[in-house]
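**Student:** sharing a model that was predicted from the sequence below.
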Amino acid sequence: MSGYMGKVLFVDLSSDSFEERAISDQVYEEYLSGVGLGAYILNREIPIGADPLGPDNVLGLMSGLLTGTGSLLTGRWMVVCKSPLTGGWGDANCGGNLSPAIKQCGYDGIFFKGAAAKPVYLVIDEDGSPRLEDATDLWGLDTVETENLLSEKHRGRKTPAVAVIGPAGEKLSLIAGICNDRGRIAARSGVGAVMGSKKLKAVVLSGEGKISCADRETVRALSKIYAAKVKKVSLPRIFKGSLLPYAGMVMGKLKKVTALDGMMILVPTLKKWGTPMSNSLGVTSGDLPIKNWGGSVLDFSRSQYRHLNPDLIIAREEKKYNCYSCVIGCGGICRIDDIAGGEFKETHKPEYETCAAFGGLLLNSDRNSIFYINELLNRAGMDSISAGNTVAFALECFENGLLSLEETGGLELKWGNAEAITSLVKKMIAREGKVGDLLADGVKAAAGKLGEKCATFAMHAGGQEPGMHDPRFDPLLGLHFSADPTPGRHTIGCGQYYQMMHLWEEVSWAPPVTGHNKSEEYSASDREARKGVAGACYKQVVDGAGGCLFAAMSGIQHWPLFKWLNAATGWEKSADQYMEIGKRVQTLRQLFNVREGVQPDTFRMPDRLAGNPPLSRGPLKGKSVPIEAMMKLYWKHFGWDEATGEPLAATVEKLGL
Amino acid sequence: MPNQNTVQVRVYLPPYLRRTQLDEQGFVSIEKGSTLGDLFNKLGIPFPMGTVHLCRLNYSKASLKQKLEDGDTVSFFSLISGG
């Protein structure tokens, strides 16, 4: 046993009891750790048909197999549970500092069963002993306040790592997440609502145990090579943020799909700007959704998007922020004490997803409002992707007379009205008034209450709001929005990721990118389906290791995930064998949905995202995605039923599920 | 085709440049003793003096006069990804 801890902790919140369970080496060899181990355990522990917000649901906080071994960009932690947002498999992924802390407490994952009678939080001390403490006085506090209090109270030889829900999770908002490190959020799948339903306010981890590694020397040697490259590739000064819209214009017109060097294209821009590098570039290329996915750069013109220039975003950056084991440092801490009367001193640099969801999606060019909303949502523990999509839905309903001024509590929900948008976010967080309660659970729930007339404005896939990248710009992204067991996720895969990952250099069946026509991506084909399968399988391996998606996008030829895994564990697995593990985990996630009665074809993204009908202007003019045909081919190449998406018996048997 | 008189260099071009000199795996064969400038000429890269500032040889800065070795990697900064 090396790399992983070989055991997990079960906490029964109903009975205030604890149980350590050993996990066999074979399980790690078949599922890795992280989401894979979580899927293995939850499929056995959650009764079929369990209420996602009831005591039968099980919530797991997972570390990654490579976390703490000396590998780089492998410090992500993950949350697993049955999702109250989709009714099926739920997981979420986060940076920060919690992942090593889970392992230093002696576990690869901590699982919560049952529900407490009153608010509690879990403490694992430096000696590794767990206990529950009363959190009544913490209930109602935001995530930053709570983390500060608990960090101070339980500070010993080290400052503990803390995971916490805010008011959104407490109020069972279906778009609530779980935070750590004062605003990094495991946002998706409604995991914060599950934690809130268990009356679990926080998890405080102070363990100091060692994390084993079979061949630390090799792991470190590989890390040294990667770190040296990252250090050297800094963007020349001539690259200003004002150039990005022009780069986007070119991107929108490229005719060929070519292999790219993520180390030179992605890493330097992340080092300089972080994810907001895509803000204005996304508007002009067509990648960034505009006006609730129905508009284009012609609706959000240069005079508006220039306010989201990443140079202006990082102008507020006081210091860089690195997640655990990260040498890129795409994060930042930004000063915002001149916004909203100085309510907050600082905030994590808003990610591209937040800038887009509260920028172009709402035709909002008020940059300060985005910084402020970013901190509001981080403190509430609410998913900014889902919240932005939900506000966009409300704005379009208001525009079309389906939400009245009386129903909005007097808010003029007009496109770009930053003041009204900010007020609406506050109402959603607090479930205040009719409109706040209506929208607090995301787009699908709100549309269900407002009725059939607003259905065409409801942008979600299977209940989950889509990430801020347009499938009409990158059709493979739409495939993952529609066919992943956790729909609407922009982090599973897409054509651009694939161009940079270079999986074909190590995986025998991953199709190479050799300069085919971009137009071919808009047709269902075996090659595109295999790219989709490869991307999804690789993502499961990345999540099993605790890896960062941006590291994966720097390319397998640079970020040696499979080599690290072998060195850390002592295994001698091939790339194909690791991808088989990814296929097993992905199939198990799909099987969870099937057993819960969630039909995979119901996750299909909305017609608007598929370009049905296509936009009549802008960079995506005339683009449409044959999503049904793409889903069928993807399922077929996974060994799932082509018509229903259910894993075939032969596949289940072959994967040993 | 590579032979004993040539070296194989891996080249990652930005998506807007032509790839006619690259094989399917992204490699270029060039005569032994060739420089980075020679490679630029072979690839038909315009304005080599300006472009070299955007180029890295084995992820380090290099001049047009730098000689290429077998297995070298040549790559370019670009704000443009996708395609």
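**Tutor:** Arrived safely, thanks for sending.
**Student:** for residue 19, what are its contacts?
**Tutor:** By default, I'm working from chain A. Counting by Cβ atoms under 8 Å, 6 or more residues apart in numbering or on different chains, residue A:19 makes contact with A:9-10, A:12. No exception for glycine: its C-beta is placed from N, CA and C like everyone else's.
**Student:** my bad, the chain I had in mind was chain B
**Tutor:** Neighbouring residues of residue B:19 by Cβ under 8 Å, 6+ apart: A:256, A:258, A:515, B:13.
**Student:** among those residues, which one sits closest to residue A:234?
**Tutor:** Proximity of these to residue A:234 (Cβ to Cβ) peaks at residue B:13, which lies at 20.4 Å.
**Student:** just the buried subset of the contacts of residue B:19, please.
**Tutor:** Among the contacts of residue B:19, those classed as buried by neighbour count (16 or more other Cβ atoms under 10 Å in any protein chain shown) are A:256, A:258, A:515, B:13.
**Student:** per-residue pLDDT of the third one, please?
**Tutor:** It refers to residue A:515. Reading off the per-residue confidence, residue A:515 sits at a pLDDT of 86.
**Student:** roughly how far apart are it and chain B?
**Tutor:** Shown here: residue A:515 relative to chain B, a distance of 6 Å by Cβ to the nearest Cβ, to the nearest Å.
**Student:** for residue A:18, name its beta-bridge partners.
**Tutor:** Beta bridges link residue A:18 to residue A:11, judged by DSSP bridges.
**Student:** for the one 4 residues further on, same thing?
**Tutor:** Taking DSSP bridges, one finds residue A:7 as the beta-bridge partners of residue A:22.
**Student:** verify the stated contact: it with residue A:4.
**Tutor:** No. If you go by Cβ atoms under 8 Å, residue A:22 and residue A:4 don't touch, sitting 11.5 Å apart.
**Student:** which of the two has more neighbours?
**Tutor:** residue A:4 (28 against 10; other Cβ atoms under 10 Å in any protein chain shown).
**Student:** quick one: that one is in a strand?
**Tutor:** No. Using DSSP: H, G, I helix; E, B strand; the rest coil, the secondary structure at residue A:4 is coil, not a strand.
**Student:** would you map the strands across chain B?
**Tutor:** Taking DSSP state E as the test, the strands found in chain B are B:6-12, B:27-31, B:55-57, B:73-76.
**Student:** would you mind giving the ones you listed as JSON lines with distance to chain A added?
**Tutor:** Written out in JSON lines, the entries for the strands of chain B read as follows (distance: least, Cβ to the nearest Cβ, whole Å):
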{"stretch": "strand B:6-12", "distance to chain A": "4"}
{"stretch": "strand B:27-31", "distance to chain A": "11"}
{"stretch": "strand B:55-57", "distance to chain A": "7"}
{"stretch": "strand B:73-76", "distance to chain A": "4"}
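**Student:** now render those as JSON lines, adding distance to residue A:164, mean neighbour count and mean pLDDT.
**Tutor:** Shown next, in JSON lines, are these (distance: least, Cβ to Cβ, whole Å; neighbours: other Cβ atoms under 10 Å in any protein chain shown; pLDDT from 0 to 100):
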{"stretch": "strand B:6-12", "distance to residue A:164": "42", "mean neighbour count": "19", "mean pLDDT": "96"}
{"stretch": "strand B:27-31", "distance to residue A:164": "51", "mean neighbour count": "18", "mean pLDDT": "95"}
{"stretch": "strand B:55-57", "distance to residue A:164": "42", "mean neighbour count": "21", "mean pLDDT": "95"}
{"stretch": "strand B:73-76", "distance to residue A:164": "42", "mean neighbour count": "20", "mean pLDDT": "96"}
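**Student:** now for residue A:130: which residues touch it?
**Tutor:** Each residue near residue A:130 by Cβ under 8 Å, 6+ apart is listed here: A:9, A:11, A:18, A:105, A:122-124.
**Student:** now a PyMOL select for only the buried ones of those.
**Tutor:** Burial among the contacts of residue A:130 is assessed by 16+ other Cβ under 10 Å; the matching PyMOL selection reads:
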select buried, chain A and resi 9+11+18+105+122+123+124
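**Student:** nearest to residue A:112, of the contacts of residue A:130?
**Tutor:** Taking Cβ to Cβ as the measure, residue A:11 is the one of the contacts of residue A:130 closest to residue A:112, at 5.1 Å.
**Student:** ok, for residue A:222, nearest residue in space, not its chain neighbours?
**Tutor:** residue A:560 (5.2 Å; Cβ to Cβ, 6 or more residues apart in numbering or on different chains).
**Student:** any idea how many residues pack against the one you found?
**Tutor:** Residues near residue A:560, counting by other Cβ under 10 Å, number 20.
**Student:** what's the distance between it and chain B?
**Tutor:** In terms of Cβ to the nearest Cβ, residue A:560 sits 15 Å off from chain B.
**Student:** could you do residue A:24 as well?
**Tutor:** 40 Å.
**Student:** I'd like the distance between that residue and residue A:293.
**Tutor:** Between residue A:24 and residue A:293 the distance, using Cβ to Cβ, to the nearest Å, works out to 46 Å.
**Student:** ditto for residue A:543
**Tutor:** Remark: distance between residue A:543 and residue A:293 (Cβ to Cβ) = 27 Å.
**Student:** higher neighbour count, those two?
**Tutor:** Residue environment comparison for residue A:543 versus residue A:293 gives the larger neighbour count to residue A:543, 29 against 22, counting by other Cβ under 10 Å.
**Student:** next up, the contacts around the more buried one.
**Tutor:** Going by Cβ under 8 Å, 6+ apart, residue A:543 touches A:34-36, A:64, A:76, A:78, A:91, A:93, A:585.
**Student:** distance of the residue of the stretch 501-650 of chain A found nearest chain B relative to residue A:26?
**Tutor:** At 4.8 Å from chain B, residue A:514 is the closest residue in the stretch 501-650 of chain A, using Cβ to the nearest Cβ. The gap separating residue A:514 from residue A:26 is 39 Å, by Cβ to Cβ.
**Student:** neighbour count winner among the two?
**Tutor:** When residue A:514 and residue A:26 are compared on other Cβ under 10 Å, the one with more neighbours turns out to be residue A:514, at 16 against 9.
**Student:** for that one, pull up the helix or strand it's in.
**Tutor:** No secondary structure element spans residue A:514, as it lies outside all helices and strands (assigned by DSSP states H and E).
**Student:** quick check, pLDDT for the nearest residue in space to it that is not next to it in sequence.
**Tutor:** In space, residue A:514 comes closest to residue B:24 once its chain neighbours are excluded; the distance is 4.8 Å by Cβ to Cβ, 6+ apart. Here the pLDDT value assigned to residue B:24 is 84.
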